[in-house]
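Engineer: Quick one, structure for this:
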Amino acid sequence: MGNGETRVRGLAARAGGWSARHRWAAVGIWVLFVVLAMGLGSAAGRVDVAESDQLKGETHTAAKIIDDAGIKEPAAETVLVQSKNPSVRSTDAEFKSAVADVVKAVDGTGKVTGITSPYNTGTISKDGRSALVQFDMRGDAETAADRVEPVLDAVAGVQKAHDTLRIAEIGGASMNKQYDDAFGKDFQRAEYSAVPVAFGILLIAFGALVAALLPVGLAITAIMATMGLMGLVSHLQPMSDTANSVMLLVGMAVGVDYCLFYLRREREEREAGRDAGAALRIAAATSGRAIIVSGVTVCVAMAGMLFTGLAEFEAMGLASLMVVAVAMVGSVTVLPALLSLLGGRVEKGRIPFLRRRKRAHGPSESRFWTAVLRGVLAKPLVSVLVAVGALLAVAAPALGMKTSQLTLDQEFGGSLPIVQTYDRVNQAFPGGSEPAEVVVKAKDINAPEVRQALTDFKARAISSGASRGPVEITMHDSQNVALVSVPLVGGSDLDKADASLRKLRDEVRPATLGRVDGVQAPVTGSVAGNHDFNDQLIGSVVPVFAFVVVFAFLLMLLSFRSLTVAVTSILLNLLSVGAAYGILVAVFQHGWGASLVGAEGVGAIVSWLPLFLFVILFGLSMDYHVFVVSRIREARLRGRSTREAIQHGVVTTAGVVTSAAVIMVAVFAIFGTLSMQSMKQMGVGLAAAVLIDATLIRGVLLPAVMALLGERNWYLPSWLRRLPDLTHDESPEPVAPPVTRGEQDRLPV
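Structural biologist: Residues are numbered from 1 along each chain as shown. Next up is the predicted model:
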């Protein structure tokens, strides 16, 4: 064969070889795929998760009854009128004048209907200092936030005319409006800044403009194609804005990583003296295979979200799975074609002060990690004990993890004026801002026994202590449905409100509505939704964890033909996830160092985050693990001892793993700068986990464990040898480069 030419086989090698030989066809097919996906997705439109499908259980049942009945509940809004001076009461002329002005101003906008005065409805607090003007927004409730601004302006005008009173609006539409104004641009800025941040880091890593553009270009086109596919798939599995954001986050991370792995290996082989064709073939057979193994593992991990039964999680899991699959396919098809087309021009746009010196012999190695490994491999047992001890210490706070849906003030702190209004309404009217709603469905809603049960329910809800009232019943006679609004005792205190909800469901309902045959009475509302969400989430933890761990184990076993590698991979990933949990609890639950990340210790981790982090981290951490272990195995198959293979594999991959980790940490940290506490928790958790994974796990613990195990790393019981062989089949290099004297000096004796 020619200069360094080597015959390679395997899916990644064949894909890369075909693309290199038919480069224009490969690039054209990729561009056509991206354009078609975007065009078809745009034409099909995206179907988002409906409120009735968000949850299972009672919340889902209630939403379905309302949808089937064709009842369109308007967006309800409330204006709080409250005296600043304790001596001013709702009976005073000034107070009455302010209420009248609010009613007039709000009605004058023409955007509302059903305005009620507190003097007619009795929505006046016990101390007489607070009153609620209530009304509904005209039109579709889902788009009410787009029409609420004139109403907010009208209320603000009344506030200016009555400076001795607090006059402020709150409701679903006004909350969404303030949320979008405050954080919509915040999210956009975070998403848009991810690309230039990743590009800047790649520019430093490669020192060349074209080389840095390739990974970013691949990631962006993969994301664009996936956006189109999401539109098509949404007609089978509805999507959401949250799923879109998570897809962008994951797509940028893996898209850049996969391209980085491939491109670095190709450059490395060329620096070692191989011609362009041989370098591409080796990169395809090695890094290309690692990308496929890693990509399939990440897809399996993301598929774990489909087992939650939660529509939002299912959307996030499917969207993430698709973008990983698209990025994986692009990395092993269009990337080799582009590298073949560019050839030496991939080094165009060199940055003068980042010009790197070419290595005379073999791949570049990290001096820092060479020094670290010298110590790790000299005393592997000590290294394992120290690293595991450190990780367990970091993970220890996770044992006391408390999960909860964050209240409005926990989520946003004092950054939104509406949070203060929310707190004031709940203090004056506990549970009034977010009451429970009982959806009563009967064959004949006006039947005497049903009417009596509704009356008994209303009375018992208050006498049981679940509510202080007022309990309001809205009849929909033609649909045989009644909607019962029940302010829960506890208000914004979720623990107390949850206790009131349980009393309503387990005591009040069975004793009243539950005694009438044929009556359905599911309890819904914000508190009920949180309760049902947590119950379903907790119920899905075991199947999701089991699915992800078992399938990841099987993929590693088949990909490396080693029981030892499969077991250690799972254990190391679990340690990494545990450490991330510990950091989250320490910072956000206990408040240790919270100010360093611009956060507040809110006393709990948002309930959806632990499961979400587990799935995302377990998938993403496999990127580095597969890449490093593949390189170690490759060196071992080429005749190096296990210890030499570990040294070679870790130090030659350190640069690419470090670059990939820095990009991931930077992108995730951007989301940690958002004002929402849940987004901060997600960003900090992901960034911390990736940092730990790429340093302590892959740079210290993995080589130390493999050094201790020695040849047992490659152990496969005879009864497992009949399993399918998914390892790549690469013939040895024509001339295996000997271990240099300098490299021998770095190896422990």
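Engineer: With Glu77 as the reference, measure out to Ala154.
Structural biologist: When CB to CB, to the nearest Å is the yardstick, Ala154 and Glu77 sit 11 Å from each other. Quick note: C-beta positions are derived from backbone N, CA and C, even for glycine.
Engineer: Compare those two (neighbour count), which wins?
Structural biologist: Between Ala154 and Glu77, counting by other CB atoms under 10 Å, Glu77 is the more crowded of the two (26 against 22).
Engineer: I'd assumed the more buried one was in a helix, is it?
Structural biologist: No. Using DSSP: H, G, I helix; E, B strand; the rest coil, the secondary structure at Glu77 is strand, not a helix.
Engineer: quick one, what contacts Arg267?
Structural biologist: Ala211, Ala279, Val346 (CB atoms under 8 Å, 6 or more residues apart in numbering).
Engineer: which of those residues tops the neighbour count?
Structural biologist: Going by other CB under 10 Å, Ala211 tops the contacts of Arg267 with 25 neighbours.
Engineer: From Gly591, how far out is that residue?
Structural biologist: Distance from Ala211 to Gly591, by CB to CB: 43 Å.
Engineer: need the contact list for the most centrally placed residue in the chain.
Structural biologist: The centroid of the chain falls nearest to Val246 when counting by CA atoms, centre = their mean (5.1 Å). With contact set as CB under 8 Å, 6+ apart, Val246 has these partners: Met316, Ala319, Ser320.
Engineer: next one: the strand or helix carrying the last one to chain centre, how far?
Structural biologist: This means Ser320. Ser320 belongs to helix 311-332 when assigned by DSSP states H and E. How far helix 311-332 lies from its chain's middle: 12 Å, per CA atoms, centre = their mean, to the nearest Å.
Engineer: need the next SSE after it, C-terminal direction.
Structural biologist: The element immediately downstream of helix 311-332 (helix or strand, assigned by DSSP H and E) is helix 334-342.
Engineer: Which strands or helices does that following helix pack on?
Structural biologist: Applying 3 or more CB pairs under 8 Å, 6 or more residues apart in numbering; DSSP states H and E, one finds that helix 334-342 contacts helix 11-21, helix 23-44, helix 209-233, helix 241-271, helix 276-285.
Engineer: What pLDDT does the model give Pro196?
Structural biologist: Reported pLDDT at Pro196 in the predicted model: 83.
Engineer: Any figure for the gap between it and Ser331?
Structural biologist: 22 Å.
Engineer: quick one: low-confidence parts of the protein?
Structural biologist: For the chain, the stretches flagged by pLDDT under 70 are 1-9, 51-54, 182-185, 191, 353-366, 413-415, 431-433, 491-493, 601, 725-749.
Engineer: coming back round to it: compare Pro196 and Ser331 (neighbour count), which wins?
Structural biologist: Ranked by neighbour count (other CB under 10 Å), Pro196 and Ser331 place Ser331 first, with 32 against 10.
Engineer: Hmm, the more buried one is touching Tyr262, no?
Structural biologist: Yes. Taking CB atoms under 8 Å as the definition, Ser331 is a contact partner of Tyr262 at 5.7 Å.
Engineer: Quick check: neighbours shared by these two?
Structural biologist: Shared between the contact lists of Ser331 and Tyr262 (criterion: CB under 8 Å, 6+ apart) are residues Gly288, Ile291.
Engineer: So for Thr695, what's the nearest residue that isn't a sequence neighbour?
Structural biologist: Nearest non-adjacent residue to Thr695, counting by CB to CB, 6 or more residues apart in numbering: Ala661, 7.6 Å away.
Engineer: from memory Ala154 sits against Gly108, does it?
Structural biologist: Yes. Using CB under 8 Å, Ala154 is in contact with Gly108, at 6.7 Å.
Engineer: Stretch 487-494 spans what distance, first to last residue?
Structural biologist: One end of stretch 487-494 sits 13 Å from the other (CA to CA, to the nearest Å).
Engineer: that older thread, alpha carbons of the helix holding Ser320, as PDB, please.
Structural biologist: In PDB, the C-alpha atoms belonging to helix 311-332 read as follows (Å, rounded to 0.1, in the frame of the first residue of the first chain):
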ATOM      1  CA  ALA A 311     -45.700  15.000  27.400                       C
ATOM      2  CA  GLU A 312     -43.100  17.700  28.000                       C
ATOM      3  CA  PHE A 313     -40.400  15.100  28.800                       C
ATOM      4  CA  GLU A 314     -41.400  13.000  25.800                       C
ATOM      5  CA  ALA A 315     -41.100  16.000  23.500                       C
ATOM      6  CA  MET A 316     -37.700  16.900  25.000                       C
ATOM      7  CA  GLY A 317     -36.400  13.300  24.700                       C
ATOM      8  CA  LEU A 318     -37.600  12.900  21.100                       C
ATOM      9  CA  ALA A 319     -36.200  16.300  20.000                       C
ATOM     10  CA  SER A 320     -32.800  15.600  21.700                       C
ATOM     11  CA  LEU A 321     -32.700  12.100  20.200                       C
ATOM     12  CA  MET A 322     -33.300  13.400  16.700                       C
ATOM     13  CA  VAL A 323     -30.700  16.100  16.800                       C
ATOM     14  CA  VAL A 324     -28.100  13.700  18.200                       C
ATOM     15  CA  ALA A 325     -28.900  11.200  15.400                       C
ATOM     16  CA  VAL A 326     -28.700  13.900  12.700                       C
ATOM     17  CA  ALA A 327     -25.400  15.300  14.100                       C
ATOM     18  CA  MET A 328     -24.000  11.700  14.200                       C
ATOM     19  CA  VAL A 329     -25.000  11.000  10.600                       C
ATOM     20  CA  GLY A 330     -23.600  14.300   9.400                       C
ATOM     21  CA  SER A 331     -20.300  13.700  11.200                       C
ATOM     22  CA  VAL A 332     -19.600  10.400   9.500                       C
END
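Engineer: The residue nearest to Thr695: neighbouring residues, count only.
Structural biologist: With other CB under 10 Å as criterion, Ala661 counts 21.
Engineer: start at 153 instead
Structural biologist: Happy to do that; since the first residue is 153 now, the last one works out to Ala813.
Engineer: Ala846 is in contact with that one, correct?
Structural biologist: Yes. Judged on CB under 8 Å, Ala813 makes contact with Ala846 at a distance of 3.4 Å.
Engineer: any shared contact partners between these two?
Structural biologist: With CB under 8 Å, 6+ apart, Ala813 and Ala846 have common neighbours Tyr776.
Engineer: In the stretch 753-901 of the chain, mark out all the helices, start to finish.
Structural biologist: With DSSP state H, counting those that start in this stretch, the ranges of helices along the stretch 753-901 of the chain come out as 761-789, 794-823, 829-844, 854-861, 893-898.
Engineer: Adding distance to Ser711 as columns, could you present those in a markdown table?
Structural biologist: Output for the helices of the stretch 753-901 of the chain, formatted as a markdown table (distance: least, CB to CB, whole Å):
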| stretch | distance to Ser711 |
| --- | --- |
| helix 761-789 | 7 |
| helix 794-823 | 15 |
| helix 829-844 | 22 |
| helix 854-861 | 16 |
| helix 893-898 | 27 |
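Engineer: quick one: which of the ones you listed is nearest Val368?
Structural biologist: helix 794-823 (9.8 Å; CB to CB).
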